[in-house]
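Asker: I would like the atomic coordinates for the input below:
(one chain, ligands or ions: 1)
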Amino acid sequence: MTQDQLIHQIKTKQSFLCIGLDVDLNKIPEVLLKEDDPIFAFNKAIIDATHHLCVAYKPNTAFYEAYGLKGWKALEKTIAYLNEKYPEIFTIADAKRGDIGNTSAMYAKAFFEDLAFDSVTVAPYMGKDSVEPFLSFENKYTILLALTSNVGAYDFQTKNVDDKALYKHVLETSKTWENAERLMYVVGATKAEFLEDIRKIIPDSFLLVPGVGAQGGSLEEVCKYGMNKNIGLLINSSRGIIYASKETDFAEAADLKAKELQSAMAAILDRSES
Ligand SMILES: O=c1ccn([C@@H]2O[C@H](COP(=O)(O)O)[C@@H](O)[C@H]2O)c(=O)[nH]1
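Answerer: Numbers count the residues shown, from 1 in each chain. Next up, the predicted model:
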């Protein structure tokens, strides 16, 4: 997918919502546990109920890896279903990979070629040669962890190295890499006060912003400081949407929660245009 296609979708749907598919078998309706593949059955119902309100889905691979082969098969079926039925939707494998070059090349192949995701999250800690293999794929995006939503982000990411916060080094250095136009960045919604500074360094890049809803981040604050001329934001909510109900009405409840966020986004877009 190209960024222009993503931007077109955002404008058409008046939404920059990304729904996180973090499936925990202890949290899904009991009736689904009788299905051959409960994880896929849950995802399919959530996707069919919410696809008109969001522009991206983000399965976090941890929730699939935790169930071994069955989990990975459910992930394969989920991405295949999205690519076949809703090809306009941007897909993110939240896998937080990154290793020495030849290993990263295999991760890139797994997520971009085998599974055919549009993007994958990558940790920047091992530097340029660990990220480059991901960047070599045309029309695929590498979403680099810049400033994460968790409290542990203050352990390293905001600490100064040569008088500059480490996360700023990540932004400044990565934007000089070959194919940097294929980079997007993770910035937690809980770190909205950093967004003004972040936008000074990467004014045009898309940001994947997790942390609204369950983690307490504010949609309004993120948009105030993080939005750019192309909107430039993908705001993720996982638990707040997919676990809105544990009863048989779970998909309708997810649709309602997604609608709340999409309506708030449409109002923000409307305000920003006038
Ligand atoms: O900084 C980060 C990076 C990734 N995540 C992931 O996003 C979702 C958030 O889920 P919620 O249920 O909406 O809190 C989850 O997959 C995280 O692993 C993040 O939260 N923060």
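
Asker: near the ligand, which residues of the chain are found?
Answerer: Proximity of the chain to the ligand, by Cβ under 6 Å from any ligand atom, involves residues 20, 22, 60, 94, 148-149, 186, 188, 210-211, 213-215, 236-240. (C-beta placed from N, C-alpha, C; glycine too.)

Asker: PyMOL command for the buried members of those residues?
Answerer: Listed next is the PyMOL selection for buried residues among the residues of the chain next to the ligand, using 16 or more other Cβ atoms under 10 Å:
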select buried, resi 20+22+60+94+148+149+186+188+210+211+213+215+236+237+238+240
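
Asker: which one of the residues in the stretch 51-200 of the chain is closest to the ligand?
Answerer: Ranking the residues of the stretch 51-200 of the chain by distance to the ligand (Cβ to the nearest ligand atom) places T148 first, at 3.1 Å.

Asker: what sits against that residue?
Answerer: Going by Cβ atoms under 8 Å, 6 or more residues apart in numbering, T148 touches Q157, V186, G188, K191.

Asker: and the longest helix for this structure?
Answerer: Criterion DSSP state H: the longest helix present in the chain is helix 250-273.

Asker: list the buried ones in it?
Answerer: Under the neighbour-count criterion of 16+ other Cβ under 10 Å, helix 250-273 has 250-251, 253-259, 261-262, 264-265, 268-269 buried.

Asker: hang on, isn't Y67 packed against L25?
Answerer: Yes. Counting by Cβ atoms under 8 Å, L25 is a contact partner of Y67 at 7.3 Å.

Asker: list residues touching both of those two?
Answerer: With contacts taken as Cβ under 8 Å, 6+ apart, Y67 and L25 have I39 as neighbours in common.

Asker: which residues of the stretch 151-274 of the chain fall in helices?
Answerer: Ranges of helices within the stretch 151-274 of the chain are 153-156, 166-174, 195-201, 219-226, 239-242, 250-273, based on DSSP state H, counting those that start in this stretch.

Asker: can you redo those helices as a markdown table, where the extra columns are mean pLDDT and distance to N43?
Answerer: Converted to a markdown table, the helices of the stretch 151-274 of the chain look like this (pLDDT from 0 to 100; distance: least, Cβ to Cβ, whole Å):
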| stretch | mean pLDDT | distance to N43 |
| --- | --- | --- |
| helix 153-156 | 98 | 29 |
| helix 166-174 | 98 | 31 |
| helix 195-201 | 98 | 31 |
| helix 219-226 | 97 | 24 |
| helix 239-242 | 97 | 9 |
| helix 250-273 | 97 | 11 |
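
Asker: would you turn these into JSON lines with distance to K109?
Answerer: Below are those laid out as JSON lines (distance: least, Cβ to Cβ, whole Å):
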{"stretch": "helix 153-156", "distance to K109": "29"}
{"stretch": "helix 166-174", "distance to K109": "21"}
{"stretch": "helix 195-201", "distance to K109": "30"}
{"stretch": "helix 219-226", "distance to K109": "32"}
{"stretch": "helix 239-242", "distance to K109": "29"}
{"stretch": "helix 250-273", "distance to K109": "32"}
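
Asker: tell me the contacts of the residue lying closest to G101 once chain neighbours are set aside?
Answerer: Nearest non-adjacent residue to G101, counting by Cβ to Cβ, 6 or more residues apart in numbering: D129, 4.6 Å away. Applying Cβ under 8 Å, 6+ apart, one finds that D129 lies in contact with I100, G101, S104.

Asker: of these, which is the most crowded?
Answerer: Among the contacts of D129, the one with the most neighbours (other Cβ atoms under 10 Å) is S104, at 22 neighbours.

Asker: that one: which element?
Answerer: Following DSSP states H and E, one finds S104 within helix 101-108.

Asker: what mean pLDDT does that helix get?
Answerer: For helix 101-108, mean pLDDT rounds to 98.

Asker: next structured bit after it?
Answerer: Once helix 101-108 ends, the next helix or strand along the chain (criterion: DSSP H and E) is strand 119-122.

Asker: helices and strands around that next one, which ones?
Answerer: Packing partners of strand 119-122 (3 or more Cβ pairs under 8 Å, 6 or more residues apart in numbering; DSSP states H and E): strand 90-97, helix 101-108, helix 128-135, strand 141-147.
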